[in-house]
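>>> Structure, please.
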Amino acid sequence: MTLPKVLKDYKKKRAGVLFLALFLCLFLVVSPSSFADFSFAVIADTQGNNREGTNFKVLKRLMELIKIEKVAFILVCGDMITGSRQSSKHSKELKKWKDFIDGYGIDAYCVASNHLIQSETSDNIFCSLFEFPENGPDGLKELVYSFDYDNAHFVAIDTEEYNNFHDISNSQLEWLRDDLGKNKDKVIFVFGHDPAYPRIHIKDSLDKFPEKRDALWRLFKENNVKVYFCGHDHLYERSLFEGVYQLIGGGGGGHLHTRPEEGGFYHFIKVEVEDTGLFRVTVKDIDGNVKDYFEVK
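Residues are numbered from 1 along each chain as shown. Prediction:
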């Protein structure tokens with residue numbers, strides 16, 4: 001190879017390297033959010049009318065779809081199992097559910113619910129099987145908690161305190177006021193079991209105590225909460241109340257409460273969060289079909 005040819009090839013390679021370096025620099029400047037984006041999934045009400053206490057047939061299919069989405073974690077809005085007043089049976093059902101989810105290698109953050117709180121020992125069973133942040137109010141550690149992920153703040157509330165079902169205690173409201181107030185600069189998501197505004201379980205959800213429900217919603221509104229995820233009604237429904245979305249995602253495997261065209265289909269919710277604060281919500285049914293999609297800027 002002649003010297004001019006070598007120099008020419010060298011210049012071409014050098015130009016290519018410089019172009020690649022310039023492209024990477026522009027990518028980092030223009031798209032810094034691409035490294036901070038993340039997604040999570042939401043499911044609820046996976047219980048089944050069988051000996052296992054869970055509808056594993058539906059849950060397996062939903063988890064396979066969620067696995068494909070490569071989410072960072074899952075929010076589970078309660079009623080994972082049918083539950084039992086018999087402690088040994090209750091514990092066995094819940095442990096089997098947990099072992100099944102653990103097999104997918106995706107962290108799951110759960111909340112208590114009516115099927116999970118069946119007796120005085122139910123709270124202890126729940127807390128002994130799961131390890132959630134212990135930053136909640138006294139008496140509700142690991143049942144009420146919060147955590148951060150990138151630019152977002154997540155809060156789990158307990159709508160089913162034993163012998164205080166469907167009510168939000170004053171201690172929980174005070175803790176929530178403090179927790180939300182410290183995190184207004186983040187994108188805030190709250191999840192619990194009972195809807196604040198149910199379609200099916202009327203007066204058998206947070207609306208049973210409207211004053212407490214309204215106090216809770218005021219806290220959401222005043223502290224920039226974007227979405228409240230819940231279950232209990234076995235269907236999908238998107239609602240907007242005073243600027244805060246309520247997403248009922250109770251289609252995880254329990255007996256559906258209405259027709260498919262009215263939201264009665266098995267599903268999961270996926271939320272994609274950008275570090276700009278924008279997030280996208282996609283709802284997919286058990287066949288992977290998109291049933292709802294919207295963005296919040």
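>>> where along the protein do the strands fall?
38-43, 73-76, 107-110, 145-149, 152-156, 160-161, 164-165, 187-191, 225-230, 236-241, 244-249, 267-273, 279-285, 290-296 (DSSP state E).
>>> Could you export those strands to TSV, including columns for mean pLDDT and distance to residue 176?
C-beta coordinates here come from the backbone N, C-alpha and C atoms, glycine included. Listed next are these as TSV, based on pLDDT from 0 to 100; distance: least, C-beta to C-beta, whole Å:
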stretch	mean pLDDT	distance to residue 176
strand 38-43	98	19
strand 73-76	98	17
strand 107-110	98	16
strand 145-149	98	9
strand 152-156	98	7
strand 160-161	92	14
strand 164-165	92	16
strand 187-191	97	8
strand 225-230	98	10
strand 236-241	98	17
strand 244-249	98	14
strand 267-273	98	21
strand 279-285	98	21
strand 290-296	98	21
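>>> Next, format these as JSON lines and append distance to residue 58 and mean neighbour count.
Listed next are these as JSON lines, based on distance: least, C-beta to C-beta, whole Å; neighbours: other C-beta atoms under 10 Å:
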{"stretch": "strand 38-43", "distance to residue 58": "10", "mean neighbour count": "23"}
{"stretch": "strand 73-76", "distance to residue 58": "14", "mean neighbour count": "22"}
{"stretch": "strand 107-110", "distance to residue 58": "16", "mean neighbour count": "19"}
{"stretch": "strand 145-149", "distance to residue 58": "27", "mean neighbour count": "17"}
{"stretch": "strand 152-156", "distance to residue 58": "23", "mean neighbour count": "23"}
{"stretch": "strand 160-161", "distance to residue 58": "23", "mean neighbour count": "22"}
{"stretch": "strand 164-165", "distance to residue 58": "26", "mean neighbour count": "15"}
{"stretch": "strand 187-191", "distance to residue 58": "20", "mean neighbour count": "24"}
{"stretch": "strand 225-230", "distance to residue 58": "19", "mean neighbour count": "25"}
{"stretch": "strand 236-241", "distance to residue 58": "14", "mean neighbour count": "16"}
{"stretch": "strand 244-249", "distance to residue 58": "13", "mean neighbour count": "23"}
{"stretch": "strand 267-273", "distance to residue 58": "10", "mean neighbour count": "23"}
{"stretch": "strand 279-285", "distance to residue 58": "11", "mean neighbour count": "19"}
{"stretch": "strand 290-296", "distance to residue 58": "15", "mean neighbour count": "13"}
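>>> could you dump those strands to TSV with distance to residue 207?
Shown next, in TSV, are the strands of the chain (distance: least, C-beta to C-beta, whole Å):
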stretch	distance to residue 207
strand 38-43	21
strand 73-76	22
strand 107-110	23
strand 145-149	24
strand 152-156	20
strand 160-161	14
strand 164-165	13
strand 187-191	17
strand 225-230	12
strand 236-241	12
strand 244-249	12
strand 267-273	22
strand 279-285	23
strand 290-296	23
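>>> so which of the ones you listed gets nearest residue 210?
Closest to residue 210 of these, according to C-beta to C-beta: strand 236-241, at 12.9 Å.
>>> which regions of this protein sit below the pLDDT cut-off?
1-36 (pLDDT under 70).
>>> before we move on, the earlier item: and the strands of the chain: which comes nearest residue 206?
Closest to residue 206 of the strands of the chain is strand 225-230 (C-beta to C-beta; 8.6 Å).
>>> May I have the closest one as PDB, with CA atoms only?
Taking C-alpha atoms only, strand 225-230 is exported to PDB below (Å, rounded to 0.1, in the frame of the first residue of the first chain):
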ATOM      1  CA  VAL A 225     -50.200  13.500  43.900                       C
ATOM      2  CA  LYS A 226     -50.700  12.500  40.300                       C
ATOM      3  CA  VAL A 227     -52.400   9.100  40.600                       C
ATOM      4  CA  TYR A 228     -54.000   6.900  43.200                       C
ATOM      5  CA  PHE A 229     -53.900   3.200  42.200                       C
ATOM      6  CA  CYS A 230     -56.400   0.800  43.800                       C
END
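>>> Kind regards, and thank you for your time.
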